[in-house]
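Chemist: coordinates only, sequence not included:
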């Protein structure tokens, strides 16, 4: 009684292991016969190391599309079948199909198994299972089929495999693709698939979250700063995100699961449109319209050519689409790189940094292009390399754009302030100085107190030029302007009235005694040595000051009296500070 329920189960397990051992011995013996030089790897699904690659366990052949029946292909005989190999690239064309046959040995059947083809862009993968009646049952997936109609809707083809613990199962796979196919065929369990998808979803979520944040910030900056570069960057990042969604299968699974035609085209069209937008963005960042109109027109024309190339890819035969996509992307990348280098050599401060920030994206894009060219098989870098490149490129380019915006705002402020500010020193000019003086005099009259107006002349520039050269003479007024700002309070104003003349407004209330100390303080401050200049290269100044409104009721009168006082000073005078007499 105790053995009745256990014996069938044990017998099944024993039979499974005996069958597996027999299959391995038969394979070893068969491969030891003439015509087999190397032993082939046995497909073992009982190993804890997942996924399990098909490696050289299967056989393949390439046939024309007329041989679509698995029974017909199976009846072609042994001639023409060759062992599969790891990392193999199968040269397919639009009128050919790749057929792969394999047998799954007895394996534990305590959970479900799947045949995984980690290549979302494959057109169609069909798995044929030979049932007990000798009929081939078909399951199909691929980007030419609606994803929600797949046996298992997923980012890439995932086809259920029936595994038996007692007997081997025969399968046949047909792959239809307009160009080479280099993806591995591997077997995964349901538990492994669940764990792996959670990890992949986390990585993809971080990437698309970063891309969404970059698009939002760029779009808001484009509106608030009225900068077209931010708008073009928002479009570029959005297209890059859609491109990665199409390449990784996220778009087919979530965005357009019911549109197989666009799902098939999107992985070829979206990269072309992304490159076109990046050409426009690069031209805007380095101000190419100002630097070289012809080069700007070239980049703009290449961008519009990319839009046309995308339309041409949609209309072209599947086997010809690759020949439109890859040359355009390569030519555009080279043109953008040369344009940024040209702008950098012409003094653009952001061209070199933009090129440096784009290098990870350029390097990562080479892997999927090489995959499309049939040079390398499908791998982690061909699938996710561009995401890594974009993740590195996004923050670098955002920092470049922020620095560029800050520089542009500073330039705009300088341009807008040229009619109010001296561009060399940053001090206010004479009209603004007179306007502020007029308001200060009015406040002083209303509040019944005295304020001070000072006019300062730099008198030793000729001597500085003779002793230390022209450069020192030109630099000295700028250094003097910094000294005047350091002596002024936040409520005071300093101005440059002419090449060698400066002015200062000191808000009251100021007593006559306090006003008398202002001039000597400025003289002493200007006579102090300047960093980077010889110790004897100092500014000698003469200061005339007036208390307002007592010594002048209006700005014009005060300025005229101060100028006359400085003009009437004898050249040989040793005095440096002069008070304007009371106004009568």
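Modeler: Cool, got the structure. All figures in this text were calculated on a predicted structure; none of them were measured in a lab.
Chemist: and this structure, what are its domains?
Modeler: Here the domain parsing of the chain from automatic domain parsing is 42-184, 220-416, 430-579.
Chemist: Residue 204: which of the ones you listed is closest?
Modeler: domain 220-416 (6.3 Å; CB to CB). Every residue, glycine included, has its C-beta placed from N, CA and C.
Chemist: Give me the distance from the closest one to the chain's centre.
Modeler: 9 Å (CA atoms, centre = their mean, to the nearest Å).
Chemist: Report the contact partners of the residue nearest to the spatial centre of the chain.
Modeler: In the chain, the residue lying closest to the centroid (CA atoms, centre = their mean) is residue 394, at 2.8 Å. Residues in contact with residue 394 (CB atoms under 8 Å, 6 or more residues apart in numbering) are 210, 211, 214, 237.
Chemist: can we see that at 6 Å?
Modeler: residue 214 (CB atoms under 6 Å, 6 or more residues apart in numbering).
Chemist: Make sure it is indeed in a helix.
Modeler: Yes - the assignment for residue 394 by DSSP: H, G, I helix; E, B strand; the rest coil puts it in a helix.
Chemist: gap between it and residue 162?
Modeler: 45 Å (CB to CB, to the nearest Å).
Chemist: where does residue 45 fall, phi/psi-wise?
Modeler: Main-chain dihedrals, residue 45, degrees, to the nearest 10: phi -90, psi 0.
Chemist: Relative to residue 125, how far out is it?
Modeler: Residue 45 is 20 Å from residue 125, by CB to CB.
Chemist: ok, the two, which is more surrounded?
Modeler: residue 125 (28 against 19; other CB atoms under 10 Å).
Chemist: how about that one, phi and psi?
Modeler: The phi/psi pair for residue 125 (degrees, to the nearest 10) is phi -130, psi 120.
Chemist: I figured it was touching residue 158, is that so?
Modeler: No - using CB atoms under 6 Å, residue 125 makes no contact with residue 158, being 9.6 Å away.
Chemist: how about the residue nearest to residue 580 when sequence neighbours are not counted, secondary structure?
Modeler: Closest residue to residue 580 in three dimensions, ignoring its sequence neighbours and counting by CB to CB, 6 or more residues apart in numbering: residue 546, at 4.0 Å. With three-state DSSP as the basis, residue 546 sits in strand.
Chemist: okay, residue 546: pLDDT?
Modeler: On pLDDT, residue 546 comes in at 91.
Chemist: coming back round to it: is it possible to get JSON lines of the domains of the chain that adds distance to residue 424?
Modeler: Listed next are the domains of the chain as JSON lines, based on distance: least, CB to CB, whole Å:
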{"stretch": "domain 42-184", "distance to residue 424": "61"}
{"stretch": "domain 220-416", "distance to residue 424": "11"}
{"stretch": "domain 430-579", "distance to residue 424": "6"}
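Chemist: Compare the ones you listed and report which one is nearest to residue 192.
Modeler: That would be domain 42-184 among these, by CB to CB, at 4.3 Å.
Chemist: what about the closest one, average pLDDT?
Modeler: On average, domain 42-184 scores 89.
Chemist: for stretch 370-388, same thing?
Modeler: 83.
Chemist: before we move on, what about stretch 189-206?
Modeler: Stretch 189-206 comes out at a mean pLDDT of 89.
Chemist: what sits up against it?
Modeler: 50, 111, 112, 113.
Chemist: Distance of the closest residue to the third one other than its chain neighbours relative to residue 111?
Modeler: Put plainly, it is residue 112. Distance criterion CB to CB, 6+ apart; nearest residue to residue 112, sequence neighbours excluded, is residue 190 at 4.5 Å. Look at residue 190 and residue 111: by CB to CB, they are 5 Å apart.
Chemist: What of residue 382?
Modeler: 30 Å.
Chemist: again with residue 173
Modeler: Taken as CB to CB, the span from residue 173 to residue 111 is 22 Å.
Chemist: circling back: bridging residues for the residue nearest to residue 580?
Modeler: Legend: beta-bridge partners of residue 546 under DSSP bridges are residue 453.
Chemist: neighbours of it, just the number please.
Modeler: So residue 546, with other CB under 10 Å, has 27 neighbours.
Chemist: next one: residue 501
Modeler: 18.
Chemist: Also the one 3 residues further on?
Modeler: With neighbours defined by other CB under 10 Å, the count for residue 504 comes to 23.
Chemist: list the contacts for it?
Modeler: By CB under 6 Å, 6+ apart, the neighbours of residue 504 are 454, 494.
Chemist: Helix or strand next in line after whichever strand or helix holds it, which one?
Modeler: Secondary structure from DSSP states H and E places residue 504 in strand 501-506. Sequence-wise, the next helix or strand downstream of strand 501-506 (DSSP H and E) is helix 512-527.
Chemist: residues of that next one that come out buried?
Modeler: 515, 518, 519, 522, 523, 526 (16 or more other CB atoms under 10 Å).
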